[in-house]
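1. Below are the sequence and a predicted model for it; my questions follow.
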Amino acid sequence: MFSIYGISGPTFRGTLEEMGRLPAVNGLRRVRPIQEEDRESKAFASVLAASDGPPLPRPTGEAIAAYQSMLHRDADRGPLYHAWQIMRRRVIVVGANDTAERAFQVLLDNEIRQAPVLDAGRVVGIVGERNLLRALNGDAGRVRDVLDRRVRELMSSPVVCADPVTDIRRIARVMRDNDVDGVPVVDAAGALNGFISRSDILSAVVTEPPLSLWR
């Protein structure tokens with residue numbers, strides 16, 4: 001299940017298929033010039049391969065049983081399915097009214113490239129290095145010249161958020177289709193529970209098997 005949050009609050013809550021029909025979401029998709037794929041992009045694409053094409057395929061009971069019989073199951077942890085299993089629970093955030101300089105410093109200090117933006121305790125957008133560089137001139141990791149801009153003027157909004165029990169494969173598809181590098185995880189009340197980036201999904205594939213590509 002996904003939701004869309006912006007300055008005016010939540011504007012949508014529904015499935016991936018329903019969200020894909022919204023003009024507002026389609027408008028978030030940006031056309032990028034063709035670039036040479038790096039290794040991370042190729043690895044991320046391998047996760048997406050299991051989620052391409054609506055609807056997601058449902059294997060037969062025999063196929064599932066055969067697949068599960070090959071898994072090396074951890075007695076204390078089953079296959080990874082949902083956002084809550086891999087999301088970062090300690091989330092670095094910035095405020096909508098923070099200055100661009102302060103937000104950029106938060107990213108630098110915490111060695112991250114993006115952060116959810118909160119206003120009155122609720123998610124209203126995401127801001128990253130690319131957003132903030134429109135207001136900053138940096139030199140050797142330090143801010144040199146600053147335009148008087150606030151985060152709310154530079155952030156990407158509205159933002160697609162996922163429920164804690166959202167399928168990881170579907171989150172990967174949202175990241176690809178909307179050209180975003182991270183998705184906030186919010187509960188039904190709109191409270192921020194965590195954050196998932198492309199790196200989190202790749203780490204789950206590489207270091208926290210078994211990641212189930214079937215369900």
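-> Perfect, thanks for sending it.
2. Which strand residues bridge the spatially closest residue to Asp148 that is not a sequence neighbour?
-> Using CB to CB, 6 or more residues apart in numbering and skipping the chain neighbours, the partner closest in space to Asp148 is Thr99 (7.8 Å). For the C-beta atoms, the positions are set from N, CA and C on the backbone; glycine is no exception. In this entry, Thr99 is beta-bridged to Arg150, by DSSP bridges.
3. just Ser197 next, same as before
-> Beta-bridge pairing for Ser197 (DSSP bridges): Gly182.
4. Surely it touches Val180?
-> No - with contact defined as CB atoms under 8 Å, Ser197 does not reach Val180; the gap is 9.5 Å.
5. Let me know whether Asn178 touches Val160 as I believe.
-> Yes - Asn178 is within contact range of Val160, at 6.1 Å (criterion: CB under 8 Å).
6. So those two - more neighbours on which side?
-> Using other CB atoms under 10 Å, the more surrounded residue of Asn178 and Val160 is Val160, with 22 against 19.
7. and the gap between that one and Thr11?
-> According to CB to CB, to the nearest Å, Val160 and Thr11 sit 11 Å apart.
8. before we move on, back to that, residues near the residue nearest to Asp148, how many?
-> Residues lying near Thr99 (other CB under 10 Å) number 18.
9. helix, strand or coil for Val117?
-> strand (DSSP: H, G, I helix; E, B strand; the rest coil).
10. If you drop the residues flanking it in sequence, what lies closest to it?
-> Closest to Val117 by CB to CB, 6+ apart is Gly125, at 4.3 Å.
11. Retrieve the pLDDT associated with the one you found.
-> On pLDDT, Gly125 comes in at 93.
12. Find residues that contact each of Val160 and Thr11.
-> Residues touching both Val160 and Thr11 by CB atoms under 8 Å, 6 or more residues apart in numbering: Ile4.
13. Can you give me the separation between the residue lying closest to Gly6 once chain neighbours are set aside and Arg90?
-> Using CB to CB, 6+ apart and skipping the chain neighbours, the partner closest in space to Gly6 is Pro158 (3.4 Å). From Pro158 across to Arg90, the span is 24 Å (CB to CB).
14. Same check on Asp119?
-> Counting by CB to CB, the gap from Asp119 to Arg90 is 20 Å.
15. So which of these two has more stuff around it?
-> Asp119 (18 against 6).
16. for that one, what are its contacts?
-> Here Asp119 is in contact with 7, 95-97, 152 (criterion: CB under 8 Å, 6+ apart).
17. how about the residues you listed, which pair is most distant?
-> Largest separation among the contacts of Asp119 by CB to CB: Ile7 and Gly95, giving 13.1 Å.
18. Comparing the two, which shows the higher neighbour count?
-> The neighbour comparison of Ile7 against Gly95 (other CB under 10 Å) goes to Gly95, with 17 against 14.
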